[in-house]
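# Quick one, what's the 3D model for this:
(2 chains)
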Amino acid sequence: MTTSALDPHAVTASDGHDPHGVTDPAITQKSLNADSLRLISKPGPWWWGIFILDLTILAIGMIAERNQIALGIGVAGHTRPVMWASYVTNFVFWVGIAHCGTLVSAVLFLFRSHFRRSVYRIAEAMTVFGVMTAGLFPIIHLGRPWFPYWLFPYPNQRQLWPNFRSPLEWDVFAVTTYMTVSTVFFLVGMIPDAAAARDRAKSAIAKAWFTIFSMGWTGSNVQWKHYYTAYLFFAALATPLVFSVHSVVSWDFAMAQVPGWHSTIFAPYFVAGAIFSGVAMVINLIIPIRKAFKLEHIVTTDHMEKLAKLVLFTSTIVGYSYLTEFFMAWYGPSKYERDIFWWRATGHFAWAFWIMFTCNVIIPLSLWFKPVRRNMAVLFVLCLFVNVGMWFERFVIIVTSLAHPFEPATWDINYRMSWTEAAVLAGSFAWFLMYFLIFIRVLPAFSIAEVKETLIPPKRKAAA
Amino acid sequence: MSDSVVFTRRDFLKLAGIGVAAATSGCAQPAEKLIPYLVAPQDILPGIPYWYASTCRECSAGCGTLVKTREGRAIKIEGNPEHPVSRGALCARGQASLQGFYDPDRVVAPMLREGGAWKKLTWDDALKLASEKLGAARTSGKTIALITDHAPGSFEGLAQAWTAAAGGTHLVFEAFHPHAQREANRRTFGVAALPEYDFEQANFVVSFGGDFLETWGSPVAQARGFAAMRARPEAGFVAVEPRLSLTGANADEWVAVKPGGEMAMALGMVHVIIADGLASNGAGVADIVAAYTPEAVEAQTDVPSVTITRLARRFAQASPSLAVPGGIAGQSEQAVATAAAVNLLNWVVGNVGQTVRFDRAMNDEAVSPFSELQRLAESMEQGNVAALVVHGANPAYAAPGWSGFAAAAAKVPFKLSLSSVMDETTELCDLVLPSSHALESLGDSEAVRGIHSIQQPSMQRLPMFDTRPAGDTLIALARGAGFGAKMPATWEEHVIGNWKTLHGRAGAGRPWDVFWNDVRRVGGVWDEPAATSVSWKGAPTFAAPELRGGGDLALVLMPGVHYDGRGANKPWLQELPDPTSKIVWGSWVEMHPQTAARVGVQDGEVVKVETEAGSVELPVYVYGGIRKDTIAIPLGQGHTAYGRFAKGTGVNALALLSPAQDAASGSVAYLSARAKVTKSARVSTVAMTQRNKQQHDREIAQVIPVAALLAGTAGAGHAGGEHAAGAGAEGATGGHHAAPIEQTRLGRYTEPQQRPPGWTPPAHAVTAAEPEMHVRGPRQNPVDQGSYAPNLAKHRWAMAIDLNACTGCAACVVACNAENNIPYVGPELVRRGREMMWIRIERYDERLDSAKHDVRFVPMMCQQCGDAPCETVCPVYATYHNPEGLNAQVYNRCVGTRYCSNNCPYKVRSFNFFDYSAPEKETFAFAEPLNWQLNPDVTVRSKGVMEKCTFCIQRILEGKGNARDENRPLRDQEIQTACQQGCPSRAIVFGDLMDDASQVSKLSRGSDRRYWVLNDLNTKPAVTYLKRIEREIVT
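Here you go, the predicted structure:
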């Protein structure tokens, strides 16, 4: 290694790309452009097949939602006392998914973790689409979904303002802010690559399309200088949001006095959980893409292993949080708290709790073993488990706590997920995947500019 | 600036509002049509309620009612405060009678059966046809039978005159009428009457299966007296019954007697009283009970002899005491003997004349014993009845199948029904001439002798139902058939004629017009009771009843809120959680946990109950309050007709009865069968509103031992630190309610928590586990805290609920439903937890073992918290705190996040999961004309919004408006919430905390029994509960 340790773009072997180009196939400046932009091409039958299947599922979800709006939220399984259930679970789940992108692009950028370079674009896209999916659920779950704008503080002749004391109101601001910043960050990061795509575009339409995203990029030194400064600032701006958004989401629960919700651990616990599920989702998205488009040399197994370590790390935080909650329930003075935690692990919904615990704490323990981290098939399945587990984590928090409130007379176990809820949940995945499928075909899904930084610059060959 | 892009804020909002809901139809608000009075009726002022005094006709008690009408429509029925029976309250059944009036399945016009179908006729044609048939029947040499329900007063007079003129027989059918007790009174006291039981005077009550708070006797009056008695800490109540009823749940002690053992138990008590020389009227009866030594009785009844001795001594010493004979559930083949044994018990200690008084007896002479129905059925079977006319009674359903009534009716050539509903009996008939409902026709009632009660038509006859008063129909038929010569010209003339006669006797010098106006205003005239003294005439032979059949379980059939089945067509009653099981819309069988384990079923699973007579399949309710050798099934369900709400709901348990009746009185022996229970393959569909009936240490329903109450609140002044981990120590002693009095502090729970022996609080649980001791000095009363605006407002609304008075009868629930336009949702949605009631009666079965049981009821509605958890979490201020301390709910601001419900510790908010108010929706809960009942002062909520108790804010506004109009301050108790108004035992008090003299102020600030539910959450509830007084069993 000849590069200086102080060089912010210094490359080490552990960053995954072999700078000496001995990977097979070797990455060169040229091949990188070609490989990365290869995705932007006419889709084949596989893509169309998946896309049409996806739209079908989405249509089913939308029909279910239409039915729900026409008949009432009663077609979902909510009961008194379980007034929130799968829709809020989905909301928190998707906000959590949306967390990873900003973490990978901003936090890891500031920490100079260069393995992020090959995966951050996918992570950011996942963030934007994740927030777009998450943002639907607060509306879907409303009793009167035609009035969501009442939650926004707009001036009106009734002189009515929203209630700024309500954590749901904080959600409105947290999620919209996060949506804005992550979108801007996503678009800014893409400028040089969009320019590269623009320059290679053959049709006028494609050229015009990429011109929009490249925002007049010419690749001049001044632009690069400003670009990196801006990127740094956005990274600094986005970093607190990684922590704030999910903290605020967690306060939807922690600020309520429902036993099982009312806990100060919720903010860090939710942030860790969000990163946990987000990274798992990134792995789930990247593994098929890198396989399908033969990009194993760009997103190397080393990169995947690092993501896997992140999963392992956050899994331990989540596991620690679970145990802390139980410890505090036992140690603390509240009989309500003690009761709900005991019931959660042993009562009617114990199956959900144990799915959560197994998927989020026990299964990820296998990531301590290097062969597991480096085996893509195993890693893929493991991350699916993590996502299932994290969905159930929110389900357990929401449904079990609500089903077992203060008043014993109102305890009830009659919440059942209805077909409508299942269809809307499936539809939300389809909605998310629809954007993602389109994205990988119309915008550069892998960073060219940043990966190139890890390559040895081409040198003129010495004269023979 | 160019105008080419015009995108107004309004358009933007429209689009934004469509949101995900684009291209859907659900968001369209239905067009509302307002139709003004083009020609306004005179005497009706819009917005002003008019009240009409009337009489309830749902059972034989004859409670006086006031019917509230708005814009000419009856919208609510309340008790008449002037009426000596109801005194202002009304039970759940009485209040729900409004839905019988507005039943969408009433018969719309005269109907003739042609083949299998009903054909509409005009009244003229129908009357002509019926008259011809009756005329022919009259001359056929056979008889004409008229069956009516018990309508004491002018109608029964008319019916008797009618049958006399027709040469027929008149039969008054009341399935649950206590003939056995009447007969027992005749034999033992020489008076064939049902006395008035004065609970208020009694110091000790023993009920031998009498469900006097539910269906037996005059429940409203009895509940009132019972609550007054229970306000005295020393007054005790013991229930002797095999299955713990709602009435028994209010007892201090439950003696789980063997089914049918009540008689022996009563005689055993008499034996002890005489043997101990405690009898005041013991002469000549010692021989009768010589064989009933406590030991002998123990063998017969499973009741320990020490219990019999103990109860007998207390019964004799606590004079006056009261023994109450059994209700329907205990009516066996020895019903007369059982009632006579209870009479004897009352007689020997001198209760007769004191707490058992014959001066206000029920006016039930006209009611026919069941044996007369059998005779009629026999006569019909033999073809001796040419025509059958039925009005108000439904023997085809309410008489057990073995009576043969339904089969015999087929042999009658012409059957005419005057019913207003297509019930089982009407379905057997050939012609229906629908009668008007009691609320739309004139009538009167003398259910209790000397209490003449008017039944005013409170509104015009409903236009969608072409009905006539039954009296007019009978008169017209008599005329048409040629025997009407002696009949009055019209029904109205007949009724007024009777009142004119009464005027001559009871007019007290008033001219007729004044008298008649007074009658209609007050609700009737009440004669002074004539003192009637009775003496012991002799006892019948006492023999223990036998149960039939090969099963191993005694079958108890218990009456409930549907009474003899007539309540089943009212959705308010169908959706009223049963006080015991909290099951709605159906039937169930109650079974002891050990019995259920033996049969191999769990709570909610379906079993097949078989007797010699038949079998039914129904879900199990596992209930500790029943003997292991007994099962119990409620009556009144399982209709095969009677409208959409009754038909097919539950099962009719009468099918399990084989022919068995009390020989002495002819009454049906409801307790006569043994049953066999086997697990069924059917899947349960039981709908239950409260699944968990344990408190889990949460102290929702609290009690105070008598000793603690009488000792005063010694620690009140210095509630604080001296109490160190006392709860644990109390629990460790193991005894129930043995808490040392010095540990009883004001506001602190006086009951020990149920903890395992040897339990000590963990060392770290130092403070919050006992939050009470750190707050609640006298100035820290939660009702005086919290956010309301003492500077802005003149009132702070609050409520006090006396759990010592509350019997758990749920009359308040129906009152609230009626007042606040609360929709029913049906069994399917109740199963999914979507019931809409704003007030519920929580039941906690603390202990259900025999002898010392502990069942607690807590009416739970919005606590109108001073610091309400629901308010802070609503993002749009749909729920907010008004200056008078109410948690106001703004329906049209609610977007339906349901966060408020999640954060409500009391879970008293209901959510409109579906559209219950849109006629085009399947979930519509107000099918025409049920929607006529809606209170115009209260919004009918649309789908997707949260709703909750508002302390009847419309009544608050009305009261404040009236006071302002009259330029005076509000009077205490001028405003009553619907639940308070309807409560028979006067457990609920509503009022203003800023008025120091108000009742609610005194109770909330001064009662020794006060506490607040979940007070450790610091919600500062405005509802103060008063602990139930827990009596020790004196041994």
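# For the stretch 201-350 of chain A, which residue gets nearest to chain B?
A:P333 (3.9 Å; Cβ to the nearest Cβ). Glycine gets a C-beta too; all of them are placed from N, C-alpha and C.
# would you say that residue is within a helix?
No. Secondary structure of A:P333 (DSSP: H, G, I helix; E, B strand; the rest coil): coil, not part of a helix.
# Against B:Y906, how distant is it?
Counting by Cβ to Cβ, to the nearest Å, the gap from A:P333 to B:Y906 is 22 Å.
# Looking at those two, which is more packed in?
B:Y906 (26 against 16; other Cβ atoms under 10 Å in any protein chain shown).
# Can you show me the strands along chain A?
With DSSP state E, there are no strands along chain A.
# ok, the residue in it positioned nearest to chain B - contacts?
Minimum separation of chain A from chain B (Cβ to the nearest Cβ) falls at A:G143, amounting to 1.8 Å. By Cβ atoms under 8 Å, 6 or more residues apart in numbering or on different chains, A:G143 lies in contact with A:72-73, B:894-898, B:911-913, B:943-946.
# what's the burial count for the residue nearest to it when sequence neighbours are not counted?
Once flanking residues are discounted, A:G143 sits nearest to B:G896: 1.8 Å by Cβ to Cβ, 6 or more residues apart in numbering or on different chains. Using other Cβ under 10 Å, B:G896 has 23 other residues around it.
# I'd like the distance between B:G896 and B:N902.
Distance from B:G896 to B:N902, by Cβ to Cβ: 12 Å.
# From the contacts of A:G143, pick the one nearest A:T102.
Closest approach between the contacts of A:G143 and A:T102, by Cβ to Cβ: B:T897, at 26.6 Å.
# who are the neighbours in contact with that closest one?
Per Cβ under 8 Å, 6+ apart, neighbours of B:T897: A:P138, A:H141, A:L142, A:G143, A:L168, B:C874, B:P875.
# quick one: the fourth one from A:V249, how far?
The reference is to A:G143. Going from A:G143 to A:V249 by Cβ to Cβ gives 21 Å.
# ok, now the third one?
Using Cβ to Cβ, one gets 17 Å for the distance from A:L142 to A:V249.
# More neighbours: the two, which one.
Between A:L142 and A:V249, A:V249 has the larger neighbour count (other Cβ under 10 Å), namely 29 against 25.
# Surely that one and A:W94 touch.
No. At 10.4 Å, A:V249 does not count as touching A:W94 under the criterion of Cβ atoms under 8 Å.
# Mutual contacts of those two, please.
Contact with both A:V249 and A:W94 is made by no residue, according to Cβ under 8 Å, 6+ apart.
# Please pull out the lowest mean pLDDT helix or strand from chain A.
Counting by mean pLDDT, DSSP states H and E, chain A has its least confident helix or strand at helix A:29-37, which shows a mean of 77.
# Please name every helix or strand in contact with it.
Applying 3 or more Cβ pairs under 8 Å, 6 or more residues apart in numbering or on different chains; DSSP states H and E, one finds that helix A:29-37 contacts helix A:167-200, helix A:449-453.
# mean pLDDT lowest for which of those?
Comparing mean pLDDT across these, the weakest is helix A:449-453, with a mean of 80.
# Mind pulling up the pLDDT for B:P771?
pLDDT recorded at B:P771 is 39.
# Sorry, slip of the keys, the one I care about is B:A927.
With respect to pLDDT, B:A927 scores 89.
# can you count the residues close to it?
Counted with other Cβ under 10 Å, residues neighbouring B:A927 total 15.
# With A:R112 instead?
Using other Cβ under 10 Å: A:R112 sits among 12 other residues.
# got it, and A:G347?
A:G347 has 16 neighbours, counted by other Cβ under 10 Å.
# Tell me how far the closest residue to B:V895 other than its chain neighbours lies from A:P138.
Nearest residue to B:V895 in three dimensions, chain neighbours excluded: A:F147, at 4.6 Å (Cβ to Cβ, 6+ apart). Distance of A:F147 to A:P138, given as Cβ to Cβ: 12 Å.
# on that earlier part again, I'd like the helices and strands packed on helix A:29-37 as TSV, with distance to B:E590 and mean neighbour count appended.
Output for those, formatted as TSV (distance: least, Cβ to Cβ, whole Å; neighbours: other Cβ atoms under 10 Å in any protein chain shown):
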stretch	distance to B:E590	mean neighbour count
helix A:167-200	44	20
helix A:449-453	73	20
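# for the ones you listed, which one sits closest to B:S417?
The nearest among those, by Cβ to Cβ, is helix A:167-200 at 58.1 Å.
# That closest one packs against which elements?
By 3+ Cβ pairs under 8 Å, 6+ apart, helix A:167-200 packs against helix A:29-37, helix A:86-102, helix A:120-134, helix A:137-140, helix A:204-214, helix A:221-254, helix A:449-453.
# and these, which is most packed in?
helix A:86-102 (a mean of 28; mean count of other Cβ atoms under 10 Å in any protein chain shown).
# how distant is it from the center of its chain?
For helix A:86-102, the gap between its own C-alpha mean and the chain's C-alpha mean amounts to 7 Å (Cα atoms, centre = their mean, to the nearest Å).
# just the angle between it and helix A:167-200, please?
Using axes from the mean of the first three to the mean of the last three Cα atoms, to 10 degrees, the inter-axis angle of helix A:86-102 relative to helix A:167-200 is 50 degrees.
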